[in-house]
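Engineer: task: produce atomic coordinates for the following.
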Amino acid sequence: MAGSYLRHQQGSNATTIVVAGDTNNANTAARGTNQVVYFRGIYLEADSSDGTVDIQSKNAAGTWTTDSTFKVNSGSSDSFYADAGYKLKRGMRVISNSGITNCVISYTA
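Structural biologist: You can find the predicted model right below:
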């Protein structure tokens, strides 16, 4: 969990693998993967339609699944921050819909 905050920014209708997830790590059973990410927060803005951003991580089968969804009303902005962050075990993928004009993700990895 130590280290500086990292940032990822993206616009509308985008899918970005920010930290790759790996379920084929030799240390998975004993020590967990080395792809752990601590999601710290998000700032998001929407245009004339409502916007959503999904934060995803890989499950044990290696499929990206949504851990959290953040929504913002049209023409608004909003933010969410967790000081301790929350743990994503196998990487992080960010998906923004067409209503999002800007989103900034904070995380440590």
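Engineer: per-residue pLDDT, the residue positioned nearest the centre of the chain?
Structural biologist: Here the mean C-alpha position of the chain is nearest to the C-alpha of Ile55 (Cα atoms, centre = their mean), at a distance of 3.6 Å. Ile55 is assigned a predicted lDDT (pLDDT) of 97.
Engineer: quick one: low-confidence ranges for this structure?
Structural biologist: For the chain, the stretches with pLDDT under 70 are 1-3, 23-34.
Engineer: can you get me the start-to-end distance on stretch 81-95?
Structural biologist: With Cα to Cα, to the nearest Å as the measure, stretch 81-95 spans 18 Å from end to end.
Engineer: check which helix or strand Ile42 maps to.
Structural biologist: Per DSSP states H and E: Ile42 is located in strand 37-46.
Engineer: follow-up on the earlier one: so how many other residues sit close to the closest residue to the residue nearest to the centre of the chain other than its chain neighbours?
Structural biologist: For Ile55, ignoring the flanking residues on the chain, the nearest one in space by Cβ to Cβ, 6 or more residues apart in numbering is Ser68 at 4.5 Å. C-beta here means a position set from N, CA and C on the backbone, and glycine is covered the same way. Neighbours of Ser68 under the rule other Cβ atoms under 10 Å: 14.
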